[in-house]
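Colleague: Following is a predicted model, sequence given first.
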2 protein chains.
Amino acid sequence: MRLAELSERSGVSTATIKYYLRERLLPPGERITATQAEYGEEHLRRLRLVRALIQVGRMPVATAREVLEAAEDESLSQNARVGTAVWALPHGAEPDPDDPQAARARGQVDTLLERMGWAYCQELGDASPAYRMLTAAIASLARLGYPHDTEHLLLHARLAAELAVSDVDLVEAYDTPAERIEAAVALTVLYEPVLLSLRRLAQTEESGRRFGE
Amino acid sequence: MRLAELSERSGVSTATIKYYLRERLLPPGERITATQAEYGEEHLRRLRLVRALIQVGRMPVATAREVLEAAEDESLSQNARVGTAVWALPHGAEPDPDDPQAARARGQVDTLLERMGWAYCQELGDASPAYRMLTAAIASLARLGYPHDTEHLLLHARLAAELAVSDVDLVEAYDTPAERIEAAVALTVLYEPVLLSLRRLAQTEESGRRFGE
């Protein structure tokens, strides 16, 4: 398809598509004439992912490019490509290495992974940005004196494990490795506001039932 | 206690405490002499909440002040004060009123609330920022062509409901209404990165098991 059709089918303006091409967020089309190029279904799919990262995930262009480069690194296995792309997503605060609460929080994360039997995560340890994000979050709870006992964290972990089965089912439903990698990254980003808003709605409901007049 | 002790016990520098006092994020202490004031346990508690909002939740000072003012509005019931304070938290994207996907997403949110039996949330409807955040998130999934069927959303909602029971238990363990309101706001903010990082860890584990070499 030509640029105009790519724009129409994706709902992204031609100016924005040209910008994404210049910024290497989108691979170049196949050159037909000096001024025209032909784009394929893979461009359409890639545009969806770029919009998920930039417009919904509010990611800077440079970060989105890192995520996409990791997703495309053919020297890696499919699983490693998903992992590397998700690792390139923003993860928020890092634990402060000088904070004694962070050292204790790290011990608690290790206990949690052990009790969940999450062997892949144990092997990765703090190489994983999500491990460090969790450590920083528990350290904040501890520093501010809010509850963060392992049983309460385990409840969150068990529910996250249930969600993950269904998340990975969605990814597995795609046919090709490229589609699976793109879906894994996009669904990670796009379902985060779903989960957070449902948690706030559920809290409203639960406190309404207990404390409502 | 004097300012120096408040600083030591909270781990917040005296300069930052003075800044919070000027910005009305912290109520003034009881004046003892022309240059000294006395602070109480409620100042210590409030400082914890301010740090949770600003340092962990990365909230602008003006937004934090709105959250705190809502938490303190004594014309409201305890439940309404919690609700108003949580509503003042940032909620991300709003649905686009001109987007036909947003209208469909809203219908899906209504079905979800109905099927969950979330009567308080149904009554609030789109007055609730979490309702609008969920609508925007579902509309993005739809616009980008990613799966968002009601069964998959229901799974998330049921897990969120389980978490909410335990979240509200934590809040109920505090003795006074003021502490409960502050804990509800702080725990909403502080547990979001816990939940998101555990989801990413669980996904790593699940895809490692399925696709790992």
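Modeller: All right, it came through fine.

Colleague: Is the spatially most central residue of chain A within a helix or a strand, and which one?
Modeller: When CA atoms, centre = their mean is applied to chain A, the residue found nearest the centroid is residue A:188 (3.8 Å). For residue A:188, the host element (DSSP states H and E) is helix A:177-211.

Colleague: can you state the direction angle for that helix and helix B:177-211?
Modeller: Relative orientation of helix A:177-211 versus helix B:177-211 (axes from the mean of the first three to the mean of the last three CA atoms, to 10 degrees): 150 degrees.

Colleague: for helix A:177-211, which positions count as buried?
Modeller: A:178-208, A:211 (16 or more other CB atoms under 10 Å in any protein chain shown). Where C-beta positions appear, they are placed from N, C-alpha and C, glycine not excepted.

Colleague: now stretch A:143-155
Modeller: A:143-144, A:146-148, A:152-153.

Colleague: Which parts of chain A belong to which domain?
Modeller: Domain assignment for chain A by automatic domain parsing gives A:3-87, A:100-211.

Colleague: and the ones you listed, which is most packed in?
Modeller: Highest mean neighbour count of the domains of chain A: domain A:100-211, a mean of 20 (counted as mean count of other CB atoms under 10 Å in any protein chain shown).

Colleague: on that earlier part again, which residue sits closest to the residue nearest to the centre of chain A, ignoring its sequence neighbours?
Modeller: Distances taken as CB to CB, 6 or more residues apart in numbering or on different chains place residue A:86 nearest to residue A:188, at 5.7 Å, with adjacent residues excluded.

Colleague: Quick one: residues contacting that neighbour.
Modeller: With contacts defined as CB atoms under 8 Å, 6 or more residues apart in numbering or on different chains, residue A:86 is in contact with A:184-185, A:188, B:200, B:203-204.

Colleague: Need these in a markdown table (columns: distance to residue A:118 and pLDDT).
Modeller: Compiled in a markdown table, these are given as follows (distance: CB to CB, whole Å; pLDDT from 0 to 100):
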| residue | distance to residue A:118 | pLDDT |
| --- | --- | --- |
| A:184 | 18 | 89 |
| A:185 | 21 | 88 |
| A:188 | 17 | 91 |
| B:200 | 12 | 94 |
| B:203 | 11 | 93 |
| B:204 | 8 | 91 |
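
Colleague: Of all pairs in those, which one spans the longest distance?
Modeller: A:185 and B:204 (13.0 Å; CB to CB).

Colleague: next helix or strand past the lowest-mean-pLDDT helix or strand in chain A?
Modeller: Every helix and strand in chain A was compared by mean pLDDT, DSSP states H and E; the lowest is helix A:78-87, with a mean of 83. Next along the chain after helix A:78-87, taking DSSP H and E as the criterion, comes helix A:100-116.

Colleague: so what does whichever helix or strand comes after that next one touch, helix or strand wise?
Modeller: Tracing the chain C-terminally past helix A:100-116 and defining elements by DSSP H and E, one meets helix A:119-124 next. For helix A:119-124, the elements it packs on are helix A:100-116, helix B:177-211, judged by 3 or more CB pairs under 8 Å, 6 or more residues apart in numbering or on different chains; DSSP states H and E.

Colleague: show me what contacts residue A:24?
Modeller: Neighbouring residues of residue A:24 by CB under 8 Å, 6+ apart: residue A:65.

Colleague: isn't there a helix covering it?
Modeller: No: counting by DSSP: H, G, I helix; E, B strand; the rest coil, residue A:24 is not part of a helix but coil.

Colleague: and it, backbone torsions?
Modeller: Main-chain torsions, residue A:24, degrees, to the nearest 10: phi 60, psi 30.

Colleague: Check the helices and strands packed on helix A:119-124 for me: which has the lowest mean pLDDT.
Modeller: Lowest mean pLDDT within those: helix B:177-211, a mean of 90.
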